[in-house]
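Undergrad: pasting the structure only:
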């Protein structure tokens, strides 16, 4: 038989041809650290709770927040949201309004009375927390969840620390503070008020505590020597804010009040003065863009009629005016005097130049060291030089913000827990950052940020009503859905679609399935690469919107 | 047939409503809807792309010999899978000679999972006309015919057969996968190669290097001149648009033509992962306009979403490297930009109704 060769073989499929052998790089699914999570001082898994919120699972979203931070409603108002500063969407249109969604969830939890369940297992260990500020309460909360019995002792008449005595009510209503602290008390934390502690080791001994967390904050106002021969009225900002909170009636400070300083506290106090119906003038030694205060604080203050004198230092004060020296910025960014002076009318001066730690309670504890301004030395595990006594919040070296303090509480709780159990605390290894450059933003819809309602100006000049309003459910949902899911697969099917070789496999859509790449490292993407056919072109990685695929060189 | 651009708008609105009217607890993620991603397993079946489905026919299956990152392998699967869904899997494909034919059918293997014929380089349109006539004679009008070829087999070698198929209005959908040259024979110039591009036959030497200006042909517009029911351009960079156009075309009887831009990493000199990106830049720069025409008239075009100068498209391809090195060739860059500007004006590409603004959709 004389057949042509072309008819002698049966028809075969190209599936017999394993093109995977062409590959020099292989695509691998990865989970990366979203920048919002990386930036959060309290370590909130922002992307995770936005993910639940955008599906309308608000309770799950809220539970995700409170795993790390017991104060969502407070955070949504008073945190300076570094998550949003770092949000990759900010490089695309505008950062996701994360704090507004957090506030929405926090307020919903308060309205619906959601509570947190503590674990049934109790350790039998007792921990003392000194100071019922954000750091102390956060530590108490986490330690209770970890199974320990916690008592908080507080020198003041109400819990909350700087949340209550440092942040004005127009930014953080007191009902919100009360509700979120009540939830911690309901968990089983004992808070003893009006109880200044003089001798911590003695208290530990007397009541049988196994460890202590000290977070007494920084309440001593820094002062400068300003000559005031005519007995001009000089106050400190933190004292004024405290008096506003505790005083029976609104304090009478002056008609034209000068606030000296450029930080957030300076603006808090200036804006509070406006609300008392007085004029407020901020004097700061550098320029507007060098102010440590947040830009939104400055612009909101300007809207409310607070006046600013930048590049001025206060040199002298009488009963009716202050004398200031004009400054100029040197090449190093520091101000230098010009020798020119001017006079600003004003009958009271409030100093807002920062605070020091009142360390006298620590001085008696052997082994505890602190610097000249009272900042206490702690190890990487937050323990002071005295075994079993930990410290955190404004009194240890760090940025002094509410959220940093809350993060300290969590970190200290984990370390105290490890200390009590006699095991070392090993933090989870964090994945690499999901940077903006790794995203393919073409695939995201254009969706601008939702703007929160703002209280009208006239009411902001006369009342302590909350300035910024919340989002309603539609807005909050929209805002949550603006999340780009940086670094973590959101199941858009792009890789499955764009592979020229059909080499991407969909895995069953079930969270119960353990997913891992060929090298065994786990990932959350419900896809796998068929390495028999993948040629390693990298189109899947290039077209992945959120950067959840990495090209890894093949070993040859 | 409805005006396709209105249909597109309606599709988008349904999707937008699904997105925005979601009640608490409904499982739809915003960033997966109203976007340009391939799919979303949480959406209703009929709102997903064909490519998002595990049920897609994979008309061209794994193991084919296309280069890494081949735009044509991708474009052919996109188009044929959409046609297969529209025709309930009843498709016969006729293939011209070219990369697609060569890399999919080295004897004795085939990558095709649908009935597939190959005859000569230039006669795909005529063979397809014959297949359609036979099916009509057999009373099997439910089986649809697709002819396909590269730009060489379509705009050069098979052009007479293609024009004949058009003028007879034979019931065939002709898909041209345009990679702008004869790639599998070693990157020679075709009548779809753009001006200044370096190929084996238009080398980057002399005073006016690369392919010369004033040559080539615009086959989609020539197809329109035949007055056939449906003509469209599409790109592997816009899957939703491509699938919608193929689906539109399958709802019509008579001669139809879709011209799909399929970048070639080898011939264009791009990195293998840039296939979709370079196709996207072709559209966003205005060099490859996406439009639809019915009976010789333009009925819709896709506006540019993020406009870029042609340079952004050119400089990631080594076939245009001589425009930038050793010295910048401003005159030729300006001439290429002028081509894009002409397209932008002709097809009204710079208008603000691209429909990807989630808030606008919600309104």
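TA: Structure's in. What do you need? Just so it is clear, the model here is predicted, and its values are computed rather than measured.
Undergrad: Any regions of the chain where pLDDT drops low?
TA: You didn't say which chain, so I picked chain A. Applying pLDDT under 70 to chain A flags the ranges A:1, A:229-231, A:248-250, A:448-451, A:509-522.
Undergrad: hmm, I had chain B in mind actually
TA: Low-confidence segments of chain B (pLDDT under 70): B:1-35, B:40-47, B:353-363.
Undergrad: So which elements touch the helix ranked longest in chain A?
TA: The helix spanning the most residues in chain A, taking DSSP state H as the definition, is helix A:402-421. Applying 3 or more C-beta pairs under 8 Å, 6 or more residues apart in numbering or on different chains; DSSP states H and E, we find helix A:402-421 packed against helix A:72-78, helix A:134-145, helix A:162-165, strand A:211-214, strand A:389-391. Heads up, the C-betas are built off the backbone N, CA and C, glycines and all.
Undergrad: Past the longest one, which element shows up next along the chain?
TA: To tie it back to what came earlier, the one meant is helix A:134-145. Using DSSP states H and E, the helix or strand that directly follows helix A:134-145 along the chain is strand A:149-153.
Undergrad: That following strand - which strands sit beside it in the sheet, and in what orientation?
TA: Strand partners for strand A:149-153, identified by DSSP bridges, are recorded as strand A:126-130 (parallel), strand A:190-192 (parallel).
Undergrad: Now that strand: buried residues?
TA: For strand A:149-153, the neighbour count (16 or more other C-beta atoms under 10 Å in any protein chain shown) marks A:149-153 as buried.
Undergrad: again, but for stretch A:222-237
TA: Using 16+ other C-beta under 10 Å as the test for burial, stretch A:222-237 gives A:226, A:232, A:234-237.
Undergrad: Quick one: distance of that stretch to the chain centre.
TA: Centre-to-centre, stretch A:222-237 and its host chain are 34 Å apart (C-alpha atoms, centre = their mean, to the nearest Å).
Undergrad: Stretch B:152-160 too?
TA: The chain centroid and the centroid of stretch B:152-160 are separated by 17 Å under C-alpha atoms, centre = their mean.
Undergrad: how long is that stretch end to end?
TA: Start-to-end span of stretch B:152-160 (C-alpha to C-alpha, to the nearest Å) is 13 Å.
Undergrad: same deal with stretch A:543-553?
TA: Stretch A:543-553: ends 19 Å apart by C-alpha to C-alpha.
Undergrad: Any buried residues in that stretch, and which?
TA: For stretch A:543-553, burial by neighbour count (16+ other C-beta under 10 Å) applies to A:543-551.
Undergrad: so, in contact with chain B or not, it?
TA: Yes - against chain B, stretch A:543-553 shows contacts by C-beta under 8 Å from any C-beta of the partner chain at A:543, A:545, A:551.
Undergrad: Beta-bridge partners for residue A:190, please?
TA: Beta bridges link residue A:190 to residue A:151 when assigned by DSSP bridges.
Undergrad: what kind of secondary structure is the most centrally placed residue in chain B in?
TA: By C-alpha atoms, centre = their mean, chain B has its centre lying nearest to residue B:260, at 1.6 Å. Three-state call for residue B:260 (DSSP: H, G, I helix; E, B strand; the rest coil): strand.
Undergrad: Helices along the stretch 151-300 of chain A, start to end?
TA: Here the stretch 151-300 of chain A has its helices, by DSSP state H, counting those that start in this stretch, at A:162-165, A:174-186, A:200-207, A:237-246, A:264-275, A:295-303.
Undergrad: winner for burial among the ones you listed?
TA: Most buried of those, by mean neighbour count (mean count of other C-beta atoms under 10 Å in any protein chain shown): helix A:264-275, with a mean of 25.
Undergrad: Surely residue B:129 and residue B:169 touch.
TA: No - the criterion here is C-beta atoms under 8 Å, and residue B:129 misses it with residue B:169 at 10.1 Å.
Undergrad: So which bits of the stretch 351-500 of chain A are right by chain B?
TA: Within the stretch 351-500 of chain A, the positions lying close to chain B (C-beta under 8 Å from any C-beta) are A:442-448, A:473-474, A:477-478, A:480-485, A:490-494, A:496-500.
Undergrad: can you give me the helices in chain B?
TA: Under DSSP H, chain B gives helices at B:4-20, B:71-86, B:99-104, B:124-138, B:151, B:159-167, B:219-225, B:239-250, B:265-268, B:275-285, B:310-314, B:330-346, B:358-362.
Undergrad: Spatially nearest residue to residue B:85, not counting backbone neighbours?
TA: Nearest residue to residue B:85, sequence neighbours excluded (C-beta to C-beta, 6 or more residues apart in numbering or on different chains): residue B:50, at 5.1 Å.
Undergrad: Now do the contacts for the one you found.
TA: By C-beta atoms under 8 Å, 6 or more residues apart in numbering or on different chains, the contact list for residue B:50 reads B:56, B:78, B:81-82, B:85, B:243.
Undergrad: Just give me the neighbour total for residue 194.
TA: This is for chain A. Neighbour count for residue A:194, taken as other C-beta atoms under 10 Å in any protein chain shown: 10.
Undergrad: I was after chain B.
TA: Residues near residue B:194, counting by other C-beta under 10 Å: 21.
Undergrad: How many residues are close by the nearest residue to it once chain neighbours are set aside?
TA: The shortest distance from residue B:194 to any non-neighbouring residue, by C-beta to C-beta, 6+ apart, is to residue B:180 (6.2 Å). Other residues near residue B:180 come to 29 when the count uses other C-beta under 10 Å.
Undergrad: Tell me if I'm right that residue B:180 and residue B:196 touch.
TA: No - checked against C-beta under 8 Å, the pair residue B:180 and residue B:196 is beyond contact range at 11.8 Å.
Undergrad: which ones are touching residue A:153?
TA: Contacts of residue A:153 by C-beta under 8 Å, 6+ apart are A:128-132, A:192, A:195, A:197, A:203.
Undergrad: what's near enough to touch whatever residue of the stretch 151-300 of chain B ends up closest to chain A?
TA: For the stretch 151-300 of chain B and chain A, the shortest gap (C-beta to the nearest C-beta) falls at residue B:273, measuring 3.2 Å. Taking C-beta under 8 Å, 6+ apart as the criterion, residue B:273 is in contact with A:537-539, A:541-542, A:551, B:69.
Undergrad: Out of those residues, list just those in helices.
TA: Per DSSP H, these map to helices at A:539, A:541-542.
Undergrad: Most neighbours among those, please name it.
TA: Neighbour counts for the ones in helices among the contacts of residue B:273, by other C-beta under 10 Å, peak at residue A:539, which reaches 29 neighbours.
Undergrad: Enumerate the residues of the stretch 51-200 of chain A near chain B.
TA: A:51, A:54-58.
Undergrad: which of those lies closest to chain B?
TA: Nearest member of these to chain B, counting by C-beta to the nearest C-beta, is residue A:56, at 3.4 Å.
Undergrad: Now that closest one: phi and psi?
TA: Note on residue A:56: its backbone torsions stand at phi 80, psi 10 [degrees, to the nearest 10].
Undergrad: gap between it and residue A:105?
TA: From residue A:56 across to residue A:105, the span is 12 Å (C-beta to C-beta, to the nearest Å).
Undergrad: Residue A:198 now?
TA: Computed as C-beta to C-beta, the residue A:198 to residue A:105 distance reads 41 Å.
Undergrad: re the thing from before, what helices or strands is the helix or strand just after the longest helix of chain A leaning on?
TA: Note on helix A:402-421: by DSSP H and E, the next helix or strand toward the C-terminus is helix A:457-460. Of the remaining helices and strands, none touches helix A:457-460 by 3+ C-beta pairs under 8 Å, 6+ apart.
Undergrad: contacts for helix A:457-460?
TA: Helix A:457-460 is contacted by residues A:170, A:274-275, A:303-304, A:465, A:467 when judged by C-beta under 8 Å, 6+ apart.
Undergrad: List the buried residues of it.
TA: Neighbour counts using 16+ other C-beta under 10 Å place residue A:460 of helix A:457-460 among the buried residues.
Undergrad: need the residues of the stretch 101-250 of chain B near chain A, please.
TA: Contacts of the stretch 101-250 of chain B with chain A, taken as C-beta under 8 Å from any C-beta, map to B:104, B:107-111, B:239.
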